[in-house]
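>>> sequence below, structure please.
(one chain, ligands or ions: 1)
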Amino acid sequence: MKGDDNPMSKAHAAPRCTATSKRTGERCKGPSVKGWSVCRFHGAGGGHRSGKDHPTWKHGMRSGDWTEERQMLSELVREAREIEQLLRD
Ligand SMILES: [Zn+2]
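Numbers count the residues shown, from 1 in each chain. Model (predicted):
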C-alpha cells in the first residue's frame with residue numbers, strides 16, 4: 001500500500017466548498033463534492049431530489065394545513081374584536 005493512498009489526501013486536494021458560515025462568516029473548509037461547488041454538509045449530492053421525490057414530501061397537504069391555520073388565526077382575531085366591542089359598551 002502506498003503512503004499517500006489514504007482518502008483524506010484526496011479530500012484535501014479537492015476544490016473547497018464555496019459556502020460561508022453565517023455564524024463565523026468564514027468560508028467552509030470542507031472539500032466540495034465532484035460536480036458541485038459545495039461540500040456534502042452544505043447541500044451537495046445527498047441523493048434526494050426536491051419535490052415529490054423528496055422523502056419529506058407532504059403530498060401537497062402543506063397548503064391545506066396552512067389554510068386551516070389561517071382560518072383559526074382569523075377566528076381568533078374576530079373573537080378579540082368582539083371582546084373589544086363588548087368592552088367598549
Ligand atoms: Zn461546506
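>>> what's the average pLDDT for the top helix by length along the chain?
Scanning the chain for the longest helix, with DSSP state H as the assignment, gives helix 61-88. Average pLDDT, helix 61-88: 78.
>>> what does this structure put close to the ion?
17, 19, 28, 30, 39, 41-42 (C-beta under 5 Å from the ion). Where C-beta positions appear, they are placed from N, C-alpha and C, glycine not excepted.
>>> quick one: buried ones out of these?
17, 19, 28, 30, 39, 42 (16 or more other C-beta atoms under 10 Å).
>>> what sits against the fourth one?
Right, the one you point to is residue 30. By C-beta atoms under 8 Å, 6 or more residues apart in numbering, the contact set of residue 30 is 16-17, 19, 39-42.
>>> quick one: pLDDT of the residue nearest to it when sequence neighbours are not counted?
Residue nearest to residue 30 in three dimensions, not counting chain neighbours: residue 39, with 3.3 Å by C-beta to C-beta, 6 or more residues apart in numbering. Per-residue confidence (pLDDT) for residue 39: 86.
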